[in-house]
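S.K.: Requesting a structural model of the entry that follows:
(2 chains)
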Number of protein chains: 2
Amino acid sequence: MASEKVYRASTTAPVNIAVVKYWGKRDTKLNLPTNSSLSVTLSQADLRTLTTASCSASYPEGDSLLLNGEPSDVSGARPQACFRELRARRAALEAADPSLPKLSTMPLRIVSENNFPTAAGLASSAAGFAAFVRAIANLYELPASPAELSLIARQGSGSACRSLFGGYVAWRMGSAADGSDSMADQVAEASHWPEMRALILVASAAKKGVSSTSGMQQTVATSGLFQERIKSVVPRNMEIMEKAIAERDFERFAEVTMRDSNSFHATCADTYPPIFYMNDVSRAAIRAVEAINAAAGRTVAAYTFDAGPNAVIYYLEKDTEAVVGSLYSVLSHVDGWKSGAVEGLKANVSFDESVAGLLKNGVSRVIMTSVGEGPVATEEYLVAEDGTPVKSSSS
Amino acid sequence: MASEKVYRASTTAPVNIAVVKYWGKRDTKLNLPTNSSLSVTLSQADLRTLTTASCSASYPEGDSLLLNGEPSDVSGARPQACFRELRARRAALEAADPSLPKLSTMPLRIVSENNFPTAAGLASSAAGFAAFVRAIANLYELPASPAELSLIARQGSGSACRSLFGGYVAWRMGSAADGSDSMADQVAEASHWPEMRALILVASAAKKGVSSTSGMQQTVATSGLFQERIKSVVPRNMEIMEKAIAERDFERFAEVTMRDSNSFHATCADTYPPIFYMNDVSRAAIRAVEAINAAAGRTVAAYTFDAGPNAVIYYLEKDTEAVVGSLYSVLSHVDGWKSGAVEGLKANVSFDESVAGLLKNGVSRVIMTSVGEGPVATEEYLVAEDGTPVKSSSS
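M.R.: Down below sits the predicted model:
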């Protein structure tokens, strides 16, 4: 049996950070959202998942996933939905062309590694499920477009559907009960507005209180303000955001980004019992961004927070000194600054003492990155030719 | 001139802490709110303003206010509106009865003292303006009811209108453009539900970031969620709250109190730029209340936060041990515990380590109080018979 062929395909997939947030499901089984959302795909040079999908008749029965070296349970409804959808498409190809190997009948062995710490609130599940779906689709040689695969990845993790594209990506909520129109599309390529940068301030106390999966449904069920967000606030934010991206209008992009993050966290605070993802360090980061913009005399930076305390600060390459200089001056002691990118930058703002103190004590590392491309097929494999899992050479 | 008679009247007035919050004005000049609100008047044994209003033909020209020993500016529109309204009513009495002394023509000298630190976010302006208006009304021997005086106090500080009554007090937003129906009324006497207690956790970093006066108008102008709060959330909360008070239903009272506080702070967080009154210590107080209720197996405590980080925790006298015992166990080192009231109380909850740590380091004192009565006329004067300001004997 060990001589049976092992079929393999590898891909990388990116993290995305929403500027109009996904929060709330109208259908928890199909991961159908209560509102559309929009994100920036971040460069895989800095943050990426590498996933190899393999299958072989020689594998023991049952699909498996090895995530960052640890066996991960795939019996849950979400990975099972992805397996089922992808196998069905492969089986259809095999039925149409009997010369194809019967991959759809073989156990799958998936091996995946992030080049960044999981669970730090960095949307690892988005990159993870996007890579998972893309890798199996590559293995199965499915002719599916990224949009079609986004329908499948969505069922693994909602925001994963946006990580199938690079650049600026919308997830259209759709209206069909079966979810067939709830999928991602690319609003603009990364090359349309390649100057977009992101500085992530990782807050030390990064342990999540409430998972986003259960948190968002508590918000849907109990917040008296939530319906207004999904009916009015988000549709307006989506419209302005798409226009801002089309016109490369950073001021507008930034205002909607900050307002939408505020609105999302407001509905969390309005949940009963209330959900708090931001802490005093997060709020200090907001005050720092406000001070940076005030000093610049225009909006050069925009904060946004996902379901955790980390601040993601978007800015344009030309404003690196105005944005990064002052933050580097108080955070030069932490890891993550790119050598060559921060030396010599002047600090244009001297932060309020309490803001500087909170950031110094509360930020454990930074990540400097930028807008980037979607999943890329690669010849680097986390499964050897004989089917043995191997470690990545790059992570 | 020094032999001219000095006319005097003194009153005390209470602090009130809203359980359905006032946040937003539809008319900033008349202090007309965007929504009705409801509060509990707190006992003046623990928190009160003492104010003496005096007038004399011998006083130098111009009205004056001495607040906690410091001259305070009364040239602003708000105190001026109160002076004008009260003088007009006195002048009408004098016109109808020429035998009355012409107090309305004399300069006013007001002297006021709080028995608690001002500016600790303890709604001192509410007690202050209520005492200010009530003292002058007493001096002028106006036949005005508390409700009528609430119309005047409202123009000094919105929430002051609720401090003219004891017990459980609603401020009806009204609809008239001139504000003539935007006034307070008593939902229930303190004696209707005298078991209501309040434990205030004063957070150290009590400096306000944004004044409530400017903060609320920023919310009105920029929050996309605020209209939903005033149109739907508050009217529903008012209705449930009045019923809960009528039926002495603490569980319902508590849930609306907590939800309304959450909703109010959510609209602050949704303001652009966002306003944060709560900090990590405030959120630890929320988690502590949730743990206390979980341990009790029912809702025995309710948190609420005004425009500052202090937690006000309402509970019933019978649940003192369940609520106070555990908080005392982590905060026994701070001032404010009433001797005799906390000794021997058992701690029923052991708080999460981070919650206990935040409370221990962040709470600087506590105040133990209860529902109480409205303003009370007193023979204690802060102005001597010759018109000289004197210090209170009791503060």
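
S.K.: contacts, neighbours, all on C-alpha from now
M.R.: Noted.

S.K.: So the residue in the stretch 151-300 of chain A positioned nearest to chain B, which state does it fall into?
M.R.: For the stretch 151-300 of chain A, the residue closest to chain B is residue A:266, as judged by Cα to the nearest Cα, at 4.3 Å. With DSSP: H, G, I helix; E, B strand; the rest coil as the basis, residue A:266 sits in helix.

S.K.: residues touching the closest residue to residue A:6 other than its chain neighbours, list them.
M.R.: Excluding the flanking residues, the one nearest residue A:6 by Cα to Cα, 6 or more residues apart in numbering or on different chains is residue A:56, at 4.8 Å. Residue A:56 is in contact with A:4, A:5, A:6, A:7, A:103, A:106, A:107, A:108, A:387, counting by Cα atoms under 8 Å, 6 or more residues apart in numbering or on different chains.

S.K.: Quickly name whichever of these is closest to residue A:21.
M.R.: The nearest member of these to residue A:21, counting by Cα to Cα, is residue A:108 at 33.0 Å.

S.K.: if I read this right, that closest one contacts residue A:60, doesn't it?
M.R.: No. Counting by Cα atoms under 8 Å, residue A:60 is not a contact partner of residue A:108; they are 9.4 Å apart.

S.K.: Among these two, which residue is more densely surrounded?
M.R.: Each of residue A:108 and residue A:60 has its neighbours counted (other Cα atoms under 10 Å in any protein chain shown); residue A:108 has more, 24 against 12.

S.K.: possible to save the contacts of residue A:56 as TSV with distance to residue A:93?
M.R.: Below are these laid out as TSV (distance: Cα to Cα, whole Å):
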residue	distance to residue A:93
A:4	22
A:5	20
A:6	19
A:7	16
A:103	10
A:106	15
A:107	18
A:108	18
A:387	24
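
S.K.: hang on, the earlier thing: I'd say the residue of the stretch 151-300 of chain A closest to chain B and residue B:271 touch.
M.R.: No. Applying Cα under 8 Å, one finds residue A:266 not in contact with residue B:271, separated by 9.2 Å.

S.K.: With neighbour numbers in mind, choose between those two.
M.R.: residue A:266 (30 against 27).

S.K.: Nearest residue to that one in space, please, no chain neighbours.
M.R.: residue B:266 (4.3 Å).

S.K.: what's the pLDDT at that neighbour?
M.R.: Residue B:266 carries a pLDDT value of 98.

S.K.: who touches it in this structure?
M.R.: A:265, A:266, A:267, A:268, A:269, A:270.

S.K.: So which of these is surrounded by the most neighbours?
M.R.: Counting neighbours by other Cα under 10 Å, residue A:267 leads those with 32 neighbours.

S.K.: wouldn't that one be in contact with residue A:218 here?
M.R.: No. Between residue A:267 and residue A:218 there is no contact under Cα under 8 Å: 10.2 Å.

S.K.: Tell me where the model's unsure across the stretch 101-250 of chain A.
M.R.: A:117-121, A:123, A:204-208 (pLDDT under 70).

S.K.: Provide a complete list of residue ranges assigned to helices in it.
M.R.: Remark: helices assigned in the stretch 101-250 of chain A by DSSP state H, counting those that start in this stretch are A:124-139, A:146-156, A:212-222, A:226-228, A:234-246, A:250-269.

S.K.: can you pull the buried residues of stretch A:190-198?
M.R.: Using 16 or more other Cα atoms under 10 Å in any protein chain shown as the test for burial, stretch A:190-198 gives A:190, A:193, A:196, A:197, A:198.

S.K.: what's the closest non-adjacent residue to the third one?
M.R.: If the residues on either side of it in the chain are set aside, residue A:196 comes closest to residue A:316, at 4.8 Å by Cα to Cα, 6+ apart.

S.K.: what do you get for the second one?
M.R.: When the adjacent residues along the chain are set aside, residue A:193 lies closest to residue A:248, with 6.5 Å between them (Cα to Cα, 6+ apart).

S.K.: Also the first one?
M.R.: For residue A:190, ignoring the flanking residues on the chain, the nearest one in space by Cα to Cα, 6+ apart is residue A:167 at 3.7 Å.

S.K.: close enough to count as contact, that neighbour and residue A:195?
M.R.: No. Contact criterion Cα under 8 Å: residue A:167 and residue A:195 do not qualify, at 11.1 Å.

S.K.: Give me the common contacts of the two.
M.R.: Listed as contacting both residue A:167 and residue A:195 by Cα under 8 Å, 6+ apart are residue A:371.
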